[in-house]
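A.B. asks: Turn this into a model:
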Amino acid sequence: MPDATNIHSGAGSSSPSEAIQAENARLQALIDHPPQEILTLSDFHLGCGRNPSTGRFSRTENFLSDQAFSRLLTYSKAGAEKLLFINGDTFDFARIFRCPSLQEDFQEWSAFLQQLGVMKDAAELQKTVSRREKRFGLETDDYKSAWKLLQIANGHREFFVALANWINAGGLLLLSKGNHDLELYWPLVRKAFGVLMQREGAREDAVRTQVFYCDDSLRIGNIYFEHGHRYDPEQRIEGGPVMATNPDKLSLPLGIFVNRYLINQLEKLEPFLGSVRPTERILWMLLRRHPIAAMAILFRSLRFIRRAFQTSRIRDFFWYAVYIGSIAVPLVTALAIVIVGIFVFAHGPGQFLVKHQRLLTVLSVLGMFAPYLAAAFRELVRRLQRKREPQVGEDGMAAGVYKTIHDLKFPPARQIYAVMGHTHDQDVQRLPDINGVKVLYLNTGTWIPVWPDDRPDLNGQVLFPFVSFRRGQDGEYHHQYLEWRDDRGGPAKSYILEPPEN
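C.D. replies: All right, here's what the predicted structure looks like:
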């Protein structure tokens with residue numbers, strides 16, 4: 001077995017086990033004959049993209065950089081010795097809330113599935129869409145996930161053209177599965193990706209031989225790659241990739257439920273809210289502009305998220321109680337103020353103020369300090385956890401991946417790399433040596449706008465980060481951490497600040 005774990009094949013294999021064996025053999029060949037250069041990026045979060053008719057972007061779309069991505073690949077000049085590795089969350093299936101509704105939608109869906117070898121007519125597909133799906137988007141069945149990928153490809157044709165050109169020029173493409181594109185697990189979705197690539201000009205033989213998938217992690221030379229969501233208590237998945245009670249549907253982490261049933265609805269009001277840090281800021285922003293709509297969305301969505309809580313572990317439930325509580329406190333406070341106002345109006349201000357002076361004082365203080373108390377509580381919990389669980393590195397991501405790679409076998413090298421994404425934070429950390437070999441943790445950030453809580457200078461900016469690895473004459477990979485500068489038509493060194501002291 002190669003160092004890539006849980007690998008599945010896209011199209012054309014006669015059985016899942018044969019597909020796994022074939023994909024493992026291809027990846028083993030890639031490991032045995034590693035490319036000269038690896039271009040690593042992550043966290044694009046492609047959604048519905050640009051409306052083909054109007055040219056406008058969906059309000060829940062975060063990736064607005066199709067043209068910049070295309071120019072990066074053109075500059076990088078694909079070749080047989082170059083691997084483009086998108087390390088998770090390439091696509092954001094959780095953000096595809098648009099559901100087929102018109103007859104032409106179901107006919108398009110049916111025709112696309114026929115291209116994939118699935119025979120479902122429009123009438124049959126229409127019966128499979130539930131009332132809840134019409135509001136929040138389709139579920140995670142493979143044929144429904146194929147519809148979502150079709151919507152992504154229709155809204156990001158330039159992106160798919162860029163990938164098609166890359167592999168047509170001889171470049172290799174590797175997609176790793178993240179927590180927002182878990183649907184890449186399905187062979188049907190991988191087949192759909194190949195068909196959509198061919199629609200944009202990719203050669204069939206290039207799709208078949210130069211596109212790879214990774215479900216979990218991968219080691220190439222002295223580099224370990226992993227998306228990283230399994231070290232995040234809000235995003236990790238316990239058990240297998242599919243639901244034990246319904247193997248036709250994927251097992252989803254709690255964070256995806258929040259995205260599907262809450263963040264998507266809120267971003268219809270204000271785009272990019274999912275990128276705002278810390279989360280306590282989200283609803284205060286909404287309350288200033290859409291107080292009634294925000295409260296309605298929250299209370300309508302939480303009943304669906306509650307179902308996910310009921311199946312979660314106690315530890316994960318605690319973290320999400322903190323997360324949802326920090327978001328909900330502003331709305332609860334606003335609701336309390338409304339209730340007080342109703343009582344004052346009903347009983348008269350004088351009598352109410354005399355009887356409930358203490359209650360009013362408490363509510364006033366709570367309303368004033370609610371966001372600060374929520375933030376303080378979350379910070380306190382994190383500090384206590386750090387003291388209870390001594391960590392390697394500066395955060396749980398670095399500590400988690402260090403533990404993972406500590407006992408792995410690497411070829412002789414002066415430096416080992418652990419490369420991850422997921423957090424959307426560009427980062428470089430020096431970790432303790434392993435058997436006398438230096439260890440460097442790299443996080444490739446994101447290509448969507450960011451609102452980091454400790455970098456107000458970056459609010460709303462897109463930084464286009466990537467890491468380039470080249471093999472030296474010693475056979476070892478060496479890195480450059482760069483950012484694509486679209487204004488210059490070339491890359492530049494990335495600027496990453498040290499973290500704040502705890």
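A.B. asks: tell me the SS of Trp447?
C.D. replies: Following DSSP: H, G, I helix; E, B strand; the rest coil, we place Trp447 in the coil state.
A.B. asks: confidence score at it?
C.D. replies: As summarised for this prediction, Trp447 has a pLDDT of 97.
A.B. asks: State the distance from it to Asp66.
C.D. replies: Remark: distance between Trp447 and Asp66 (C-beta to C-beta, to the nearest Å) = 10 Å. The C-beta positions use only the backbone N, C-alpha and C, and glycine is treated the same way.
A.B. asks: Wasn't Gln67 part of a helix?
C.D. replies: Yes. Gln67 forms part of a helix when assessed by three-state DSSP.
A.B. asks: isn't it right up against Phe159?
C.D. replies: No. Taking contact to mean C-beta atoms under 8 Å, the distance of 9.2 Å between Gln67 and Phe159 leaves them out of contact.
A.B. asks: Among the two, which residue is more densely surrounded?
C.D. replies: Residue environment comparison for Gln67 versus Phe159 gives the larger neighbour count to Phe159, 24 against 12, counting by other C-beta atoms under 10 Å.
A.B. asks: How about that one: what's its closest non-neighbour residue?
C.D. replies: Nearest in space to Phe159, with sequence neighbours left out and distances taken as C-beta to C-beta, 6 or more residues apart in numbering, is Asp66 at 4.6 Å.
A.B. asks: What of Ser468?
C.D. replies: Closest residue to Ser468 apart from its sequence neighbours, by C-beta to C-beta, 6+ apart: Gln480 at 4.8 Å.
A.B. asks: Assign the one you found to helix, strand or coil.
C.D. replies: Using three-state DSSP as the criterion, the local structure at Gln480 reads strand.
A.B. asks: who's more crowded, Trp447 and Asp66?
C.D. replies: The residue with more neighbours, out of Trp447 and Asp66 and counting by other C-beta under 10 Å, is Trp447; that gives 27 against 20.
A.B. asks: Distance of the more buried one relative to His422?
C.D. replies: Taking C-beta to C-beta as the measure, Trp447 and His422 are separated by 13 Å.
A.B. asks: any residues in contact with both of the two?
C.D. replies: Shared between the contact lists of Trp447 and His422 (criterion: C-beta atoms under 8 Å, 6 or more residues apart in numbering) are residues Asp43.
A.B. asks: Would you confirm that Val462 contacts Leu64?
C.D. replies: Yes. Counting by C-beta under 8 Å, Leu64 is a contact partner of Val462 at 7.3 Å.
A.B. asks: Between those two, which has more neighbouring residues?
C.D. replies: More neighbours surround Val462 than the other of Val462 and Leu64, with 19 against 15 (other C-beta under 10 Å).
A.B. asks: how about that one, what does it touch?
C.D. replies: Neighbouring residues of Val462 by C-beta under 8 Å, 6+ apart: 64-65, 68, 447-450.
A.B. asks: Quick check: closest non-adjacent residue to Leu440.
C.D. replies: If you skip the residues right next to it in sequence, Leu440 has Tyr417 as its closest partner in space, 5.5 Å away by C-beta to C-beta, 6+ apart.
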